[in-house]
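Chemist: Sharing a sequence plus its predicted fold:
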Amino acid sequence: MNHKVITGIENLKSNPPGYLKGKRLGLLANPASVDKNFAHTLDILSQIFPGQLTALFSPQHGFYAEKQDNMIESAHGVEPRLDIPVFSLYSETRIPTPDMFDRIDTLIIDIQDVGTRVYTFIYTISHCMEVAAKCNKTIVILDRPNPIGGLQVEGNVLDPGYASFVGRFPIPMRHGMTVGEISRYFNLEYNLGCDLKIIPMKGWKRSMYWQDTDLVWLPPSPNLPTPASCMVYPGQVIFEGTNISEGRGTTLPFEQFGAPFMDTQTIGQIASGRIKGAFLRPVNFEPTSGKWQQQVCKGFHIHVTSPKAFKPYLASLLLMQLILKFHPEAFAFKQPPYEYEYEQLPMDLILGSRDIRENLSDMEDPEKLETLWQDGLDTFKSRSQKYYLYA
């Protein structure tokens, strides 16, 4: 059964808000910022508000999302058709400067998020909100679905001592909110003071995963090519902090992971008895770039069989611990820098905690760790629900 979800940009198109008339507009977007007919938000706004777009802004990976990896900056540029500047917010600065905002009255944001704490787009938006508040500008967010649903919330809440550009605020790994909802949450819970407006979706329900929305998936970044990659990402992203390939440089980033030294038989036997809602299929792969480039890695392809039962974060913590246990000599945590942090271990920034890494290394049962973070998670859930826009 197809559910028709109408995104924020569709909603704006059918009811252009009067408060945008005559304003100088900025747009923060990337290639996934399209309507159901693949028209880009840039073109839609140019048609509805001719001559009003005066600046564009891009998040990590660039306005055209061509940059593959972390800490690969994209340059500022000029949009050739409109001849207006494109300011990269993943460049020498990740925070818009007042000069950039001098050109606009209102910043429209149309960004597809993926529902995971470490995905940087929501922090780019939070910095925009903060600067907008100081510069007396308005922000309008065109809402989009959370591709991994709005019901499951999972993981430890970030310890503020490990805040970074992959975790600016104390939220769990899988937050269960849309981009509009989490922006409201940041704005009010952390007193960003932004004049924030949300143009909501129609027809989206919290129980929906991407495949229920009837929308076409366009990768918001190069290594999340499919909705299936988003389902495993809240867990598989932890392997970025290790010498295990997270599948970058292959056709299945995050869905498959491994290393030349992995004993898939032993790990698979134990893990498959403990991981619910997914099947671990042993695979060999050879990355064309990144870790273990042009070396055969042994690992697994994670097939999610029940999105409701599958806990991506818990599953990946368990898998990492098994690799640690059976390959103590070969396994390694990556050293800094990672996302512009030069002191802390990348793994601690990704997990939002040093304790969890240490507990896993000490062979504490990940399921026991889950009970330890439950209180913080419950607090986040009850707090975040106040900002929900959808039943």
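Modeler: On my side now, so go ahead.
Chemist: so the residue nearest in space to the middle of the chain, which of the three states?
Modeler: Nearest residue to the geometric centre of the chain (C-alpha atoms, centre = their mean): Tyr119, 2.9 Å. Classification of Tyr119 using DSSP: H, G, I helix; E, B strand; the rest coil returns coil.
Chemist: Hmm, Gln112 and it touching each other?
Modeler: No - between Tyr119 and Gln112 there is no contact under C-beta atoms under 8 Å: 10.1 Å. Every C-beta, even on glycine, is put in place using the N, C-alpha and C of the backbone.
Chemist: Need the residues touching each of the two.
Modeler: Counting by C-beta atoms under 8 Å, 6 or more residues apart in numbering, no residue touches both Tyr119 and Gln112.
Chemist: ok, which stretches of the chain are strands?
Modeler: 25-28, 53-58, 77-79, 84-88, 106-109, 138-142, 195-199, 256-259, 278-285, 297-304 (DSSP state E).
Chemist: looking at those strands, which is closest to Lys325?
Modeler: Between Lys325 and the strands of the chain, the tightest spacing by C-beta to C-beta is seen for strand 256-259, at 14.4 Å.
Chemist: How far away from the center of its chain is that closest one?
Modeler: Centroid separation between strand 256-259 and its chain, computed with C-alpha atoms, centre = their mean, to the nearest Å, is 21 Å.
Chemist: what does the model give Phe380 for pLDDT?
Modeler: Note on Phe380: pLDDT of 98.
Chemist: In a markdown table, list the strands of the chain along with mean neighbour count and mean pLDDT.
Modeler: Formatted as a markdown table, the strands of the chain follow (neighbours: other C-beta atoms under 10 Å; pLDDT from 0 to 100):
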| stretch | mean neighbour count | mean pLDDT |
| --- | --- | --- |
| strand 25-28 | 26 | 98 |
| strand 53-58 | 22 | 96 |
| strand 77-79 | 14 | 91 |
| strand 84-88 | 19 | 94 |
| strand 106-109 | 26 | 98 |
| strand 138-142 | 24 | 98 |
| strand 195-199 | 18 | 98 |
| strand 256-259 | 26 | 98 |
| strand 278-285 | 17 | 98 |
| strand 297-304 | 21 | 98 |
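Chemist: so which of those strands gets nearest Thr7?
Modeler: Closest of those to Thr7 is strand 138-142, at 6.9 Å (criterion: C-beta to C-beta).
Chemist: Return the list of helices and strands in contact with that closest one.
Modeler: helix 8-14, strand 106-109, helix 121-135, helix 179-189, strand 195-199 (3 or more C-beta pairs under 8 Å, 6 or more residues apart in numbering; DSSP states H and E).
Chemist: Identify the residue nearest the residue nearest to the centre of the chain in space, chain neighbours excluded?
Modeler: What sits nearest to Tyr119 in space, not counting adjacent residues and going by C-beta to C-beta, 6 or more residues apart in numbering, is Asp113, at 6.4 Å.
Chemist: again with Glu181
Modeler: In space, Glu181 is closest to Tyr387, 5.1 Å off (C-beta to C-beta, 6+ apart).
Chemist: and the helix or strand bottoming out on mean pLDDT in the chain, which strands flank it?
Modeler: Least confident helix or strand of the chain, by mean pLDDT, DSSP states H and E, is strand 77-79 with a mean of 91. Using DSSP bridges, the strands paired with strand 77-79 are strand 84-88 (antiparallel).
Chemist: and Tyr390, how far is that from Ile141?
Modeler: With the distance defined as C-beta to C-beta, to the nearest Å, Tyr390 ends up 14 Å from Ile141.
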